[in-house]
Each structure stands twice: as C-alpha cells, then as structure tokens.
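Undergrad: Fold the following.
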Amino acid sequence: MLNERFAVYTYLDSSQRSRSASKCSSRLTLDREEGDFRGHRRYHSSGSGKFSLPSPTEDGLVPTRAAEASRAMVGDKTLDENYAFAGMHHIFDQHSEAVMAVKFANDDKARLACCSLDGTLSVCQVIPEPATVLCVLKGHTSGVTDFSWSLSNDVIVSCSLDGTVRLWQVPTGTCLRVVGDCDGAEIMSCAFQPVNNNMIVTGNKKGFVHVLNFSTGKYVKGGSSKASGSILTITFDSGGKTLWIGDENGCVYSFAFDVGTGKLSRAQRLVVCEGHPITCISARSWMSREARDPSLLINCGANALCLYSYPTRKPHPGSPLVNRLQEYASRVSGVEGSLQLKRKFPIKQRNLRIRSGFCPLMSFRQGACVVSGSEDMCVYFFDVERTNKPVVNKLQGHSAPVIDVSFNYDESLLASADSEGMVIVWKREQRS
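TA: Model (predicted):
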C-alpha cells in the first residue's frame, strides 16, 4: 500500500524496525558524457534493470588554484580534517514516522526544522545546549512530504499528501494560510522562490508543477507545466531565474522563471536515468571570482549520486543588445539547461526518496565536498575532485535508511534524518 501511494517509498515492516540511536523527447542519459543532446546510446541490460554510467569529463569543478584569497578564509586544512566529526550533539525522536526532509534555517546555525509522514513539522533549537523542540506544527491531515524556509526564516511553507500547502508563522507556530492543490492531487514537493518569497512552487503526484502566489492564495496564470510523472524534487538556482524539477521517471526539467510574473517557460527536458526516480536536485553557483560553471547534484534511484555542471553564457562586454538576444536564444533553445556529467558516486538508493546537498563552505577550499543520505543507514561525504576513493568520511549511528542531510551555514553541525523518524545532530571536530 505504501509503495502504491508514495511511488518511491518502500519502508521496512515493523518486524525489521529498531528505535536504537546507534518516453522523453530530449534525452540526456547516464550513459552519456556529452553535454548536448544530438543522438545517444543506451546500455540497459534487458530485464536486469542495470545500466552503465559514462566516464565523467575531466574539467575541474571547484575554483582554480588561483583562488588563494578565498581559501584563506577557511584555513589550510585537508578535506579529511574539515569533515571529521566528534560524535553526536543531540538526537531528536519527536516524530513517529519517516522524516522526509530536515533543513537548518538560512544563515542560522541554531534553528532546525523537519517534516514527517506522521503529518507534523517540528522546529528545534540545537544550540545553546540543551537542544529543545521549540514547536510542533499540526494541521496537515496526512504525511508531510516537503517544506521550505523563507529567506528571512520567519515563515515555513509545507506540502502534504492531503493535497494542501500550508504557510506557517515560525515564532508562534500559527498556520497563516491553507491552499489546496488545483488538480486535487497529493503534493510531493515545494519551494519558495528565492528572490520573491510571495511565490511558491509546488509539484504534485499527477506530474504538474504550479506557481502559487501566497499573498493572494491564487495560482499564477502561465505558471504551470507538466512532467512525465510525480514531481519529487524542486529547486532554484541562486538567482531564482532557473527552476529545476525531477520526477519519478528519471527526467529532469529546467524552466526559465519570470520573477515578476511567476510565469514558466520550459527550457529543456532531460532523461538522467529512464525509469529511476530523481529524488533530489541541489543547485550551486560558486562564490569565487575564479569560479567554474554552476553545478547540479542529483540523487537517482539507481544507486547513484551524480554531479553535473551546466554552462552559462558569458556576458558580452559593452553590448546590452547582444546580451538580451543571447538570453532570449538560451530560453528558446534550452542551451542553459544542458548538463555535463562531472562525477558519479556510489550510494545505496533504490526505493527511498534519498536527498543530498553541497557543503556550504565548499567554494573556498582546495577541494569540495557533497554529503548524502543512503539506504545502508550511513551518511556519506564525497570529495568532488577525487576520481579514486572519493569517500572523505562516513557517519554511522542510524538504525534505518538515512533520507535527508543538512549542514548549518558554518558547517559546525550536521543533521541527518531517517525513515523511522529519528534526527541525529552531529558535531564537527574542532581542530586548531
């Protein structure tokens, strides 16, 4: 029954549970290394469900070695030293079912929120000690599948299998507004528009993405589109102009987002791995003047965590007209939606909605790390520049598959959430 309702959720039955603390048009498949979409070959073995991953391109991902000033901000340590952990800071167990998302507040190292299939959200304070649950947000009548902090951290938007989106006032725990899905479907994902927090994007089980103006409580005309299946993840680039979504059939879509009107223009439709759900997309632009192209981190339900880069057009010096024409051309042709596979990392993911993320300070270091949950009950850290033995660290302590992970902004604490409702806050080792 759970498998029918949630598409990619398959949880352990009660006898295995433990509460211890210990047909797409433009295709880019995982068997390609090219960034364009002219022709492709597929290496699926019939009946086995296996596939071959391509060899990643060798271009660097992190800022170049010229970025000494940026790296000086975080000290001269190796990645292994930076991501060594001293142990558990705190364990939260207020949720009775799977925690589907856990996120620290923006630029805040103390507040943490999570949502659960038990129908509630909780907001926690992790420092100073003792860590406490500040409030539990109740109102949804079914499991909460996703949520997002506003830029100022004063409100949270959540979505649920009950087919509603709710806006919560964080300090009081009050529900400010409830809006039902316009297709009457279960809502699987949601996100604030990063530039205009009056607008929220939702993705539902029927495969529709909608833009909602929460000030009016109405859906935006021209702010809807259709994917090939249930939309499991939504994210924006840092400027809020490009929207990325992933669905249950292995497709990733990019849209040009009009910040003023909320209208969507589809740029590209890409097949990352046909038939395997895309459960998480994270976008990252490098915060360095020696930056490379922006990157996407994608979880795929085929035991793969993939890192892509997507080229952006460089501004033409002194020619606003040329720049406007280039921007229009990229929206029409989808050039800025193209992806190039740079790295692939092995994790255990077949049945669950596993999530991952970029480490916040990665732009300034000699190397860079990404972190992901896994169905083998571990948290993995990967060095994106290593081609051999990329695992920097592995945290063990959960007694169930780890669904989501989240760093606070200064990387002093990491939160991980599992399919039994437990959230562990890990404390990073402090070295002089």
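
Undergrad: Show me the helices in the chain, by range?
TA: Using DSSP state H, the helices of the chain run over 2-6, 68-71, 79-82, 320-333.

Undergrad: By mean pLDDT, show me the worst of those helices.
TA: When the helices of the chain are ranked by mean pLDDT, helix 2-6 comes last with a mean of 43.

Undergrad: tell me the pLDDT at the residue lying closest to residue 138 once chain neighbours are set aside?
TA: Leaving aside its chain neighbours, residue 138 sits nearest to residue 120 (5.4 Å; criterion: CB to CB, 6 or more residues apart in numbering). C-beta here means a position set from N, CA and C on the backbone, and glycine is covered the same way. With respect to pLDDT, residue 120 scores 99.

Undergrad: Touching, residue 120 and residue 147? I think so.
TA: No: using CB atoms under 8 Å as the test, residue 120 is too far from residue 147 to be in contact (10.9 Å).

Undergrad: Give me the more crowded residue out of these two.
TA: For residue 120 and residue 147, the more surrounded residue by other CB atoms under 10 Å is residue 147, and the numbers stand at 26 against 20.

Undergrad: low-confidence ranges in the stretch 51-200 of the chain?
TA: Low-confidence segments of the stretch 51-200 of the chain (pLDDT under 70): 51-77.

Undergrad: Would you state the strands of it in chain order?
TA: 85-92, 99-104, 111-116, 120-125, 132-138, 144-149, 155-160, 164-169, 174-180, 187-192, 199-204 (DSSP state E, counting those that start in this stretch).

Undergrad: Same list as before, those that is, but in TSV and with distance to residue 266 included.
TA: Below are the strands of the stretch 51-200 of the chain laid out as TSV (distance: least, CB to CB, whole Å):
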stretch	distance to residue 266
strand 85-92	40
strand 99-104	26
strand 111-116	29
strand 120-125	31
strand 132-138	34
strand 144-149	22
strand 155-160	22
strand 164-169	22
strand 174-180	24
strand 187-192	17
strand 199-204	14
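
Undergrad: Out of those, flag the one nearest residue 264.
TA: strand 199-204 (8.7 Å; CB to CB).

Undergrad: Going along the chain, name the strands of the stretch 201-350 of the chain.
TA: 208-213, 218-226, 231-236, 242-247, 251-257, 264-271, 278-284, 295-300, 304-309, 340-346.

Undergrad: who's in contact with the fourth one?
TA: Counting by CB atoms under 8 Å, 6 or more residues apart in numbering, the neighbours of strand 242-247 from elsewhere in the structure are 189, 201, 203, 207, 209, 227-237, 252-257, 264, 267, 272, 277-281, 283, 296, 298, 336-337.

Undergrad: Residue 430 contacts residue 85, doesn't it?
TA: No: counting by CB under 8 Å, residue 85 is not a contact partner of residue 430; they are 10.4 Å apart.

Undergrad: So if I had to pick from these two, which one is more boxed in?
TA: A direct count of neighbours by other CB under 10 Å for residue 430 and residue 85 places residue 85 higher, at 17 against 8.

Undergrad: tell me which residues form a beta bridge with that one?
TA: Beta-bridge partners recorded for residue 85 (DSSP bridges): residue 428.

Undergrad: ok, it to residue 256 distance?
TA: 40 Å (CB to CB, to the nearest Å).
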